[in-house]
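**Student:** Give me the fold of what follows.
(2 chains)
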Number of protein chains: 2
Amino acid sequence: MRFLHTGDWHIGKKLYGYDLLADQKDIIEQILTIAIEQQVDAIVIAGDLYDRSLPSVEACQLLNQSFIKMNLEKKMPLLVISGNHDSDVRLSTGMPWYEQTDFHLYTDLQQSFTPIEMGDTQFFLLPYFEPIAARLYFEEENLTLQEAIKKIITKMYDLFDADKKHVLVTHFFIDGSSRCDSETTVEVGGLNGIPYDLLQDFDYVALGHLHSKNALKKENALYSGSPLKFSLSEKNDQKGVWIVDSQTMQPEFHELQPKRDVRSLEASFEELTNPAFYQQLDRSCFWYFQLTDRSVITNMMAQLRSIYPNILGVERVNGRKKENQISKIKERKKTPYHMLTSFFEEITGDTLTKKQRDWLEEGLQQATDTEKRNQDAT
Amino acid sequence: MRFLHTGDWHIGKKLYGYDLLADQKDIIEQILTIAIEQQVDAIVIAGDLYDRSLPSVEACQLLNQSFIKMNLEKKMPLLVISGNHDSDVRLSTGMPWYEQTDFHLYTDLQQSFTPIEMGDTQFFLLPYFEPIAARLYFEEENLTLQEAIKKIITKMYDLFDADKKHVLVTHFFIDGSSRCDSETTVEVGGLNGIPYDLLQDFDYVALGHLHSKNALKKENALYSGSPLKFSLSEKNDQKGVWIVDSQTMQPEFHELQPKRDVRSLEASFEELTNPAFYQQLDRSCFWYFQLTDRSVITNMMAQLRSIYPNILGVERVNGRKKENQISKIKERKKTPYHMLTSFFEEITGDTLTKKQRDWLEEGLQQATDTEKRNQDAT
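**Tutor:** Just a heads-up that it's a prediction; the model follows:
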């Protein structure tokens, strides 16, 4: 059998305050199109369907409509788990009715011991859970997440049908994975990650939780990554879905094309506001600019926004090396004059001109005089 | 065919801050028990399943579990509409899958033109809607709620199967109905009520919205009332459900017994705290007391709460007639002494004793002296 592996839809998420619902609707349609073209037997969604446990009405509407279209209209079987961003109870609404049309939505740890058979494959769906849920299920105090996962996987192995392939769908941080900015690190995988070794007996592990498809480099365990870029740090990621054939278990990557891509560019304000320059760019993208200018630009953001309606932000690069952090001024006994000149040098990578030095001395002198007069008066 | 008519469950509602979830779980079980005993072919729920458009996780859990038990476990067909307290979009989650097991959940005006046939009866399910929804549906600006309902009912009449009985399930304020305190009057029925005349051609109208079963006195149109008392004003209501047989369309009332009833009692603090007295009472009820005492009682609520854990509140009756409102002091030129004595008389229905009059004069004299000293000092 063949399946499509996706996850981390985060419906309702905003990017720098911009609503992504239209982008998310579009990308879900692309996912369904790929699934149909690739003639898969099921779509696997590895958690974090919503961005919040209490999604907006508009987010609910999009997910409801997407499920109706995929499962009822296009008769596409769905294998879905909840992630750490989903409310297990809220997401589970309607669940037992969904089973009738091969839409399997698991939100509770104990459901994971009911594998779903499709063709030559047994699917084990393990939703995200907090350690407390495992402690209650196994009736063991102080069970860690790692110990819980070990017990769960061991129990799953007992359910293995030797004549079948075995796929695990889950939503945790696997040790050795790399993170990006749009994942909420405080929540990542509970306290710690899951050792990859525990998962080795599965033919394929369809992971959700991390937003880059390259987060874990293992042959049989892959994150699908999010279908859209949810942070600037993902600007160079290629988003997509995995198509897996159970015969080979060799995942094939299929690209998704966002309505509005996340991009960054280093340029001067003059370039950015020059039609000959910006007409070369896809201005509907979410742009982040590294501005090379040093001077003050009046009403800069408003001017840029009128050209780039989805601008994410602007950073001044100003000649100094971008990697540099402003170093702490360690010599506390420096005079104000020295502190100001070295601050200027650090920020701009340049030294003060004669005129600037004169202005500075004059300003400091005035400040000193004023302070002295105030002291004499009291 | 036979059906049970209920509504206004308001799952998640609190009574004076007390959580009612356990009471609501119990009462829903009673409703199901009556439905099974009465061998009905369907349960009709006439809107306001939740108390809020954004119900708590616990409220979601209770409604999800109730639907699973009624429809999947007990195979009970359900005919359900959303009310003004429900979010149509959120409540509609899972809807198209529910149809497969005769669970018909209508949350959108346009669904109301798809009647549901059961036995000898056509059910028309008209969920609560805002006038804007009707304006969009009929593509008519400025349509009032009354005009919209008229158009909707006319359209329904065209769908009438002459060989069937016709039942309307809806959630609005019908003109001439009487209200109680637990209904949010600002939202009742949009701006105005629906004229009863419009509904006369239905054999039965199963209404939701008002919380008393006696809110409307019409032969073929009844509010089910809420299954629990949601305000003190309902303390003398008998809550229950209607059982309707389509042969006669004569609704029979079946009582529900709450886990914790809402009651009030006029008594003295001494009585209320006397074991011989309170052991006669069901102390688990939601009690509201009219206290006959006049004196200050230290730590009164804490003492009463230790005996009556679900106490709603205490009102001082203090001898004056309860119907009396404190009248406005019209003669503004009254002296402070006269204002205070008449205030005391009005509140207590009694006159000041000689000692009380002396205290009052002394206190007023001191206040006047202090004021005078302050004025002299400036």
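**Student:** Just want the residue of chain A that's nearest chain B.
**Tutor:** Chain B sits closest to A:G94 of chain A, with a gap of 2.2 Å, by C-beta to the nearest C-beta. For the C-beta atoms, the positions are set from N, CA and C on the backbone; glycine is no exception.
**Student:** Output the longest helix belonging to chain A.
**Tutor:** As assigned by DSSP state H, the longest helix anywhere in chain A is helix A:354-377.
**Student:** List the contacts of it.
**Tutor:** Contact with helix A:354-377 is made by A:336-337, A:340-341, A:344, A:352, as judged by C-beta atoms under 8 Å, 6 or more residues apart in numbering or on different chains.
**Student:** ok so, going back, who are the contact partners of the residue of chain A closest to chain B?
**Tutor:** B:93-95, B:97-98.
**Student:** surely A:I28 meets A:W9?
**Tutor:** Yes. Judged on C-beta atoms under 8 Å, A:I28 makes contact with A:W9 at a distance of 7.0 Å.
**Student:** ok, A:L256 to A:S284 distance?
**Tutor:** Note on A:L256: its distance to A:S284, by C-beta to C-beta, to the nearest Å, is 17 Å.
**Student:** Same check on A:I153?
**Tutor:** Per C-beta to C-beta, A:I153 is found 45 Å from A:S284.
**Student:** Between the two, point out the one with more neighbours.
**Tutor:** Neighbour comparison, A:I153 and A:S284: the larger count goes to A:I153, with 20 against 12 (by other C-beta atoms under 10 Å in any protein chain shown).
**Student:** so what's that one closest to, chain neighbours aside?
**Tutor:** Residue nearest to A:I153 in three dimensions, not counting chain neighbours: A:L198, with 5.3 Å by C-beta to C-beta, 6 or more residues apart in numbering or on different chains.
**Student:** that's a strand at the one you found, yeah?
**Tutor:** No. A:L198: not assigned to a strand; according to DSSP: H, G, I helix; E, B strand; the rest coil it is helix.
**Student:** which stretches of the stretch 151-300 of chain A form helices?
**Tutor:** Per DSSP state H, counting those that start in this stretch, the stretch 151-300 of chain A carries helices over the ranges A:269-272, A:275-278, A:300-307.
**Student:** Please identify the most buried of the ones you listed.
**Tutor:** helix A:269-272 (a mean of 17; mean count of other C-beta atoms under 10 Å in any protein chain shown).
**Student:** which helices and strands sit right next to the helix or strand of chain A with the lowest mean pLDDT?
**Tutor:** Ranked by mean pLDDT, DSSP states H and E, the helix or strand of chain A with the weakest confidence is helix A:336-348, at a mean of 82. Other elements packing on helix A:336-348 under the criterion 3 or more C-beta pairs under 8 Å, 6 or more residues apart in numbering or on different chains; DSSP states H and E are helix A:354-377.
**Student:** residues in chain A within reach of chain B, list them.
**Tutor:** By the rule C-beta under 8 Å from any C-beta of the partner chain, the part of chain A lying against chain B is A:53-54, A:57, A:60-61, A:64, A:68, A:72, A:87, A:89-90, A:92-98, A:100-101, A:103.
**Student:** repeat that for 6 Å
**Tutor:** Within chain A, the positions lying close to chain B (C-beta under 6 Å from any C-beta of the partner chain) are A:57, A:60-61, A:64, A:68, A:72, A:89-90, A:93-94, A:96-98, A:100.
**Student:** about what we covered before: now the helices of the stretch 151-300 of chain A as CSV including mean pLDDT?
**Tutor:** Below are the helices of the stretch 151-300 of chain A laid out as CSV (pLDDT from 0 to 100):
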stretch, mean pLDDT
helix A:269-272, 95
helix A:275-278, 94
helix A:300-307, 94
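**Student:** Turn the ones you listed into TSV, including distance to B:S231.
**Tutor:** Below are the helices of the stretch 151-300 of chain A laid out as TSV (distance: least, C-beta to C-beta, whole Å):
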stretch	distance to B:S231
helix A:269-272	62
helix A:275-278	63
helix A:300-307	52
